[in-house]
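Build me a model:
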Amino acid sequence: MLESVHGDTCRLGYLKLLCCLGDDFQPYSLEYFSSRLYTLTKDYYKKWSFPSGLSRIGLITEKQGLTISKNYVNLSYEFGVLNRQHQTLGNFGRLYSKTDSAKTVINFIQNAEARFTNVLILNDFERVLFLKQLLEVDGLPMFYIVKWLDELYEKGRNSVSRKEAMVHFMEKDYPKICSELAESTQNYEKRIRFKKEAERAQTTFSKIRIENENKGTWNKSALYAKYRHTVPPRFEWLVDVGLLQKEGKGNYIILPLVRDIYDFISETNVESFKDEIYFHLGRKYLNISDRASRKEIEELLFHCYSKFERAGHLAVDRSLFVNFVAFQMLEIRRKLVKLSEINTVIEDLHRHDPKLVQYHVDLTGKWRFIKIGSKK
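Residues are numbered from 1 along each chain as shown. Below you'll find the predicted structure:
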């Protein structure tokens, strides 16, 4: 569950920029990332156009200084864009920076004339990638939000207000999420913290809100700030990935895609979810129906691995690499593939020629990395 959500830090497009500002191995400081992000964007936000249904909330402006850009860097650590420990790219950043979609962002960074283009808007391929990551790193909140939106849509509701969303999530779903996190964590301190938070939310949130509303002090209270920092950013993320549209200042239109996404995430277990997510999102977002053949998978393996070699990798985390191949199959070949199908091809190539596809251990002795040579 993402916890570093600060105020209106909610435009996923800024994370695209951070993916392309980092390096796979060269460390940079938080100050470097936040300063670069601020400098690149602070003068252009007024010139960017946002199509109807998108939002201008969460923009980095000159007035705010470096504060909001630092918030985006902190969010990027939890999102997997940057690795907090090493100050290099995280796995998501490494993946995105090598996609075809990233070329537009790199051009934005390198060419001042390109900065009049609104780089914050996600294309359809990026929506697949960012929603996939959201569902993984912010799983429980995203699941409960999408479930509720699906229930509203099924009842004939096609819109929801910001206030209604905050009240429902914080007073109905948030206590359940904290309880589930308390049950699932092995960390004693976190388990106690989540249990206390679940009890506090269940017993006091609604009462405190109503008391403050009656006094006219709700919007100035500390609890309101918690509601605002927890719920609206997540709804803005869903605007970015195309499940919602923004209507006016505090209203969201529920798009039919919500139903398709909820059906998928509610009908799969953890393993099938991870295996099939690009497959299903490719069908729903991109209307792709063709399946990748074994030959196409094999050819793309070598093409994708060359991108990591050019970035300086001697071997690549297998999970990262397989996810990259699955996404590139959508973006480059317009074909659907499951992660298990890619893994099967890798295994077959390794058995046929162990020198062509090699497995390497990490520092703990786990067979985690692969190295793919060139075909003779």
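
give me the number of residues near residue 98?
Residue 98 has 19 neighbouring residues, counting by other C-beta atoms under 10 Å. All C-beta spots, glycine's among them, are computed from the backbone N, C-alpha and C.

can I assume residue 283 is in contact with residue 336?
Yes - under the criterion of C-beta atoms under 8 Å, residue 283 lies in contact with residue 336, with a separation of 6.6 Å.

ok, the two, which is more surrounded?
When neighbours are counted by other C-beta under 10 Å, residue 283 and residue 336 differ, and residue 336 comes out ahead with 22 against 15.

And the more buried one, how far from residue 241?
When distance is defined by C-beta to C-beta, to the nearest Å, residue 336 is 19 Å away from residue 241.

follow-up on the earlier one: got any residues that touch both of residue 283 and residue 336?
By the contact definition C-beta atoms under 8 Å, 6 or more residues apart in numbering, residue 283 and residue 336 are jointly contacted by residue 289.

Quick check: which element contains residue 107?
When secondary structure is defined using DSSP states H and E, the element that contains residue 107 is helix 102-110.

Tell me which residues are up against that helix.
Taking contacts as C-beta under 8 Å, 6+ apart, the residues outside helix 102-110 that touch it are 16, 17, 19, 20, 21, 40, 96, 114, 115, 117, 119.

Mind checking which of those are buried?
Neighbour-count burial (16 or more other C-beta atoms under 10 Å) applied to the contacts of helix 102-110 gives 16, 17, 19, 20, 21, 40, 96, 115, 117, 119.

Could I get the residues you listed in CSV, plus columns for secondary structure and distance to residue 237?
As requested, those are arranged in CSV below (DSSP: H, G, I helix; E, B strand; the rest coil; distance: C-beta to C-beta, whole Å):
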residue, secondary structure, distance to residue 237
16, helix, 13
17, helix, 16
19, helix, 16
20, helix, 20
21, helix, 20
40, helix, 21
96, helix, 16
115, helix, 23
117, coil, 22
119, coil, 17
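
okay, among these, which ones form the most distant pair?
In terms of C-beta to C-beta, the buried ones among the contacts of helix 102-110 reach their longest pairwise distance at 96 and 115, which sit 19.2 Å apart.

how about the strands in the stretch 201-350 of the chain?
In the stretch 201-350 of the chain, strands defined by DSSP state E, counting those that start in this stretch lie at 244-247, 251-254, 316-317, listed in chain order.

Then the stretch 1-150 of the chain?
82-83, 88-89.

could you dump the contacts of helix 102-110 to a markdown table with pLDDT and distance to residue 153?
As requested, the contacts of helix 102-110 are arranged in a markdown table below (pLDDT from 0 to 100; distance: C-beta to C-beta, whole Å):
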| residue | pLDDT | distance to residue 153 |
| --- | --- | --- |
| 16 | 98 | 29 |
| 17 | 98 | 33 |
| 19 | 98 | 32 |
| 20 | 98 | 36 |
| 21 | 97 | 38 |
| 40 | 95 | 38 |
| 96 | 98 | 30 |
| 114 | 93 | 38 |
| 115 | 93 | 38 |
| 117 | 91 | 33 |
| 119 | 94 | 31 |
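
So of those, which two are at opposite extremes in space?
96 and 115 (19.2 Å).

I'd like to know how far residue 353 sits from residue 294.
Residue 353 sits 16 Å away from residue 294 when distances are taken as C-beta to C-beta.

how distant is the longest helix anywhere in the chain from the center of its chain?
Of all the elements of type helix in the chain, the one with the most residues (DSSP state H) is helix 188-215. On the basis of C-alpha atoms, centre = their mean, to the nearest Å, helix 188-215 sits 27 Å off its chain's mean C-alpha point.

Check stretch 252-264 too.
Stretch 252-264 sits 17 Å away from the centroid of its parent chain (C-alpha atoms, centre = their mean).

Now do that stretch, average pLDDT.
Averaging pLDDT along stretch 252-264 yields 96.
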